[in-house]
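S.K.: okay, predicted coordinates and the sequence, questions at the end:
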There are 4 protein chains.
Amino acid sequence: MNNIQQNFSESKKERILQAAEYIFGRENYASATISQIAKRANVAVGTVYEYFESKETLFFSIASEKCEIFDQELRLHLAGIVNVFEKIRKYVWLYFYYFQSEPMYSELLLLNMRVNKNFRGSPAYVWIQKSVGEIITVIEEGQREGLIITDVDAYTMRHMILGSLEHITTRWLLHGKDYDLLEYSEKISNLIIRALRRD
Amino acid sequence: MNNIQQNFSESKKERILQAAEYIFGRENYASATISQIAKRANVAVGTVYEYFESKETLFFSIASEKCEIFDQELRLHLAGIVNVFEKIRKYVWLYFYYFQSEPMYSELLLLNMRVNKNFRGSPAYVWIQKSVGEIITVIEEGQREGLIITDVDAYTMRHMILGSLEHITTRWLLHGKDYDLLEYSEKISNLIIRALRRD
Amino acid sequence: MNNIQQNFSESKKERILQAAEYIFGRENYASATISQIAKRANVAVGTVYEYFESKETLFFSIASEKCEIFDQELRLHLAGIVNVFEKIRKYVWLYFYYFQSEPMYSELLLLNMRVNKNFRGSPAYVWIQKSVGEIITVIEEGQREGLIITDVDAYTMRHMILGSLEHITTRWLLHGKDYDLLEYSEKISNLIIRALRRD
Amino acid sequence: MNNIQQNFSESKKERILQAAEYIFGRENYASATISQIAKRANVAVGTVYEYFESKETLFFSIASEKCEIFDQELRLHLAGIVNVFEKIRKYVWLYFYYFQSEPMYSELLLLNMRVNKNFRGSPAYVWIQKSVGEIITVIEEGQREGLIITDVDAYTMRHMILGSLEHITTRWLLHGKDYDLLEYSEKISNLIIRALRRD
DNA sequence: GATGAATGAGCTTTCATTCAT
DNA sequence: AATGAATGAAAGCTCATTCAT
C-alpha cells in the first residue's frame, strides 16, 4: 500500500512535470502561471508546491529528466561506432532528431532555460554538461588517432559544433518549426568534419 | 535656444536608452521595471513614456541603434580587404570585439532579445539582418571565385559561422565575462576557414 | 463542511457586493477604486478579483441582483389588483418605495449605471427590461379594456411614466435625499392616469 | 490692438470650448483628456489652463453657453403664443429640436453633466434653472386662467414634463441617435396636455 | 499670453505563495 | 498528502497639472 501511494504520488509529480513542460514551452518563464500548470496536471495549485519548492525549481526540474534521457540515448547511439567522424555525424543527427521530436522541450531549453542566469547550478545543468562533455571525448579520441587536427583545442571545436546545432535549432523554433530540422544534419556534419579533419 | 532644448531632450532620451540598456542587461525583460530604468536615468516614470511607447518599444529600441553602428563599422572594417578568408577573419574579430566592448548590450541582445518572439518584426531586426546578410555576400563571392566549396549552400555556412560566434559569446556572458573573448578569434576563424575552403 | 465553506465564500462575495454598492454610489464609476471597495469589504484586493472578473463586471453585478428583486416584488405587488389604474398607482408607489429604501443602489443605477454605454448588454439590463416591460403589459391591457386611450402608443406612454419617476428620483438624489420620495407617489399617479384615461 | 488681442484670445477660448464639447461628448468626463481637447483646438495643453482653472471647470463651462442660448431661443419661440397648451407644445418641440441639432451637447449634458454631483453650483446650472423655471410660469399662468388643474402643484407637473423629455432624449442617445427625435413631439405633448387640462 | 516637456501619484490587474482545513 | 481561497506586493501605464522658457 505504501508502494501504491508512492506510485500515485510519483505519477502526480510526473503529471505536473509534463504539464509544466507544455505550459513553459508554449508561454515562457514569465508568462506561464502555476495555476495554468496545475489545471493541466489536474491537481490543485497547492499540490504543485508539495512537490516543487517554487516556480523556478519546477522550471529547472523539467530539463533534468530530458537531459538524462538524451544522455542515455546518446551513449546507446554512439555505441559500436568506431570512426570518429561517424560518431560526430551521429551526434548531430541525434541532436536534431531529439529536439524535433520534443518541440516543447526544445522551446523550453533553448529559448527560456539556457538564458536564465540561475540555470547553471541547477541539476539539469549537470546532465547537460555530461552529454556535452561526450563530444570532447570523441574529439580528443580523434586527435589521438591522428584523424583530427591538434592545432586547435577540443573545446573550441566543441563550441563550433554546439553553436551550429543550437543556432539552427533556435532558428527553426523562431520560424515556427515549419520545416524539417533533419535536412540540416548531413550538410552541417560535412562542414564540421571538413573543419576538424586532418588533411 | 530651440537647439539647446533639442539637445536637452535628446540627451534625456539618450539617458533613458542607456539606463534601459543597463537594467535590461542586468535583469531580463520581465524582471526589469520601468521605474528602475527611470530612476537610473534620473527622470520620472512618465518621462520614459514621453519618449517610448511601451516597455517593449524601449526594449527593442536599444538594439536598433547598436545594430546600426555594428553594421556601419562592419562595412568600414571589411572595406579594402580583398581575400574572402581575410574578410571572414575580420568579421569574426569584429563580432567578438564589438560584443566585448559593449557587454551590457551583448547581454541584452543574446540573452534577452533574440529569444523574444516579437523581436522579429522590430526595427532592430532589420539591421541585424543587414549585417548578417553581409556574410552571405562574402561567402557567395568566395564561391564564385572558386575559393569556397559549393556543395554546401551559403546559408548553412552562415548558420555555422553565426552559431559558433553566438555560442562562444553567450558562454562568455554566462561565465561572468571573466576572460578575453578575442582569444577565440583566431582559433574559430581557422576552423571556419578549414570548413569552407576548397582544397 | 463543504456547505460551511460555501456559505463563507458567499458571504464574502456578498460583502464585496455591498461594499461596491456603497462605494460606487458615493463616488462614481471612474473615481471609485477597487482598493476602496476591498478595504470596506475587509478583504484583500486580489479577493475581489476572485469573485468578479473586472471592475466593470462588479459594477454591473450589483444591479443584477437588485433588479431581479425589484422585478419579483413588482409581480407580487401587482398580483390580485384588477383595475389598471390601481396597477399603475402601485407601480409608481413601489418604484419610489424601493428606491427610497435602497438609496445607495438608486444612486448607482440612476446616476452611474444608466449612463454607461456598456450597460445595455449587461445581465442587469435584461432584468430591467423585464420590469419595465411590465408597464407595457398593463397599459395594453387597459387599452384592450377600453379604459386607456389608443391614439397614443403604449411605448410613448411608458416613456412618460418612467421619465417622470426617474426625474423625480434623480432630483431627490441630487438634493441629498432630504425629503420623502413617497410624497410624490399620489400626485404623479394622478397626472399619469389623467393622461392615459379615456374620457 | 488691445481689441484685436482680446478677440484673438476670445476666439482661442471659443475654440477650446468647442473642442471640449466634441471630446467630452464623444468620450465621457473620465475618459476625455485635456491633451485630446488641446489637440483638437490647435492649442498647447498649457493654454487650456490659461483659460480654464481645471478639467472640471472647463467641463461645466460648456453647458453655460448652450443653456443661455436655449433660454434665449425659448423666449423667442414662446413669444406671441397666447394659449398655454400651445406654449407647452412649443416647449416640447424646441426641447427635442435643440437637442437633436446639438447631439454632442446633448450627450454631454444628459449623460455626463447632469450626473456629476458638482454640477449644481456651476454657472450652467443657473441657466438651466432659468429655462426650466419658464415652464412653471407657463403652468401657473394656465392655472390662473382656469385651463390647468390646480389639485396637483406646478412643480410636480414640471417634473412630469421634464422627465418625459429627458427620458426620451436619453433613450435616443443611448440607442445611437438613429431615429428622428421630433417624432415624439406631438405624441408626448398630447399626453402632457391631457394630464394637465381641466375638463 | 502661450508653450509642451516633465512630473509622479494613482489606477487596475496579476499571480506566486501560504495555510487552514 | 491535497486542496484552493485568500493574500498583497508589485507592475505597466495614464494624465491632470505645473512651470521654466
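M.R.: Cool, the structure landed. Residues are numbered from 1 along each chain as shown, chains lettered A, B, ... in the order given.
S.K.: in terms of helices and strands, where is the residue nearest to the spatial centre of chain A?
M.R.: Nearest residue to the geometric centre of chain A (Cα atoms, centre = their mean): residue A:67, 5.1 Å. Assigned by DSSP states H and E, residue A:67 falls within helix A:55-78.
S.K.: so which bits of the very next helix or strand once past that helix are buried?
M.R.: Next in sequence after helix A:55-78, counting helices and strands by DSSP H and E, comes helix A:84-101. Within helix A:84-101, the residues that count as buried by 16 or more other Cβ atoms under 10 Å in any protein chain shown are A:84-85, A:87-96, A:98-99. For glycine as for every other residue, the C-beta is placed from the backbone atoms N, C-alpha and C.
S.K.: list the residues that contact the residue in chain A that chain C sits nearest to.
M.R.: The minimum distance from chain A to chain C, using Cβ to the nearest Cβ, falls at residue A:35 (11.8 Å). Listed by Cβ atoms under 8 Å, 6 or more residues apart in numbering or on different chains, the contact set of residue A:35 reads residue A:45.
S.K.: which of the helices or strands spans it?
M.R.: With DSSP H and E as criterion, residue A:35 is part of helix A:34-41.
S.K.: quick one, that helix and helix A:55-78 angle?
M.R.: Relative orientation of helix A:34-41 and helix A:55-78, computed by axes from the mean of the first three to the mean of the last three Cα atoms, to 10 degrees: 50 degrees.
S.K.: is helix A:34-41 anywhere near DNA strand F?
M.R.: No: on the criterion Cβ under 7 Å from any atom of the strand, helix A:34-41 is out of touch with DNA strand F, staying 7.7 Å away.
S.K.: what parts of chain A come near DNA strand E?
M.R.: Residues of chain A lying close to DNA strand E by Cβ under 7 Å from any atom of the strand are A:31, A:32, A:33, A:34, A:35, A:45, A:46, A:49, A:54, A:55, A:56.
S.K.: run the last query once more with 6 Å
M.R.: Residues of chain A lying close to DNA strand E by Cβ under 6 Å from any atom of the strand are A:31, A:33, A:34, A:35, A:45, A:46, A:49, A:54, A:55.
S.K.: give me the number of residues near the first one?
M.R.: The one in question is residue A:31. 11 (other Cβ atoms under 10 Å in any protein chain shown).
S.K.: do the last one as well
M.R.: The local packing of residue A:55 (other Cβ under 10 Å) involves 18 other residues.
S.K.: what's the closest non-adjacent residue to it?
M.R.: With Cβ to Cβ, 6 or more residues apart in numbering or on different chains as the criterion, residue A:55 has its nearest non-adjacent residue at 6.0 Å, and that residue is residue A:34.
S.K.: please apply the same query to the fifth one.
M.R.: Using Cβ to Cβ, 6+ apart and skipping the chain neighbours, the partner closest in space to residue A:45 is residue A:38 (4.7 Å).
S.K.: okay, the one you found: pLDDT?
M.R.: In this model, residue A:38 is scored at 95, pLDDT.
S.K.: so it touches residue A:44, yeah?
M.R.: Yes: with contacts counted by Cβ atoms under 8 Å, residue A:38 reaches residue A:44, the gap being 6.1 Å.
S.K.: which one of those two has more residues nearby?
M.R.: Set side by side, residue A:38 and residue A:44 show more neighbours around residue A:38, with 20 against 12, by other Cβ under 10 Å.
S.K.: need the contact list for the more buried one.
M.R.: A:16, A:19, A:44, A:45, A:47, A:48.
S.K.: before we move on, what about residue A:22?
M.R.: The contact partners of residue A:22, by Cβ under 8 Å, 6+ apart, come to A:40, A:104.
S.K.: so it is in which element?
M.R.: According to DSSP H and E, residue A:22 maps onto helix A:2-26.
S.K.: residue A:178: what secondary structure?
M.R.: When classified by DSSP: H, G, I helix; E, B strand; the rest coil, residue A:178 comes out as coil.
S.K.: how much space between it and residue A:100?
M.R.: In this view, residue A:178 and residue A:100 are 12 Å apart by Cβ to Cβ, to the nearest Å.
S.K.: identify the residues contacting residue A:145.
M.R.: Contacts of residue A:145 (Cβ under 8 Å, 6+ apart): residue A:84.
S.K.: got phi/psi on it?
M.R.: The phi and psi values for residue A:145, taken as degrees, to the nearest 10, are phi -70, psi -10.
S.K.: and the gap between it and residue C:116?
M.R.: Distance, residue A:145 to residue C:116, by Cβ to Cβ: 80 Å.
S.K.: pLDDT for the contacts of residue A:38 - can I get that in JSON lines?
M.R.: Listed next are the contacts of residue A:38 as JSON lines, based on pLDDT from 0 to 100:
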{"residue": "A:16", "pLDDT": "95"}
{"residue": "A:19", "pLDDT": "94"}
{"residue": "A:44", "pLDDT": "95"}
{"residue": "A:45", "pLDDT": "95"}
{"residue": "A:47", "pLDDT": "96"}
{"residue": "A:48", "pLDDT": "96"}
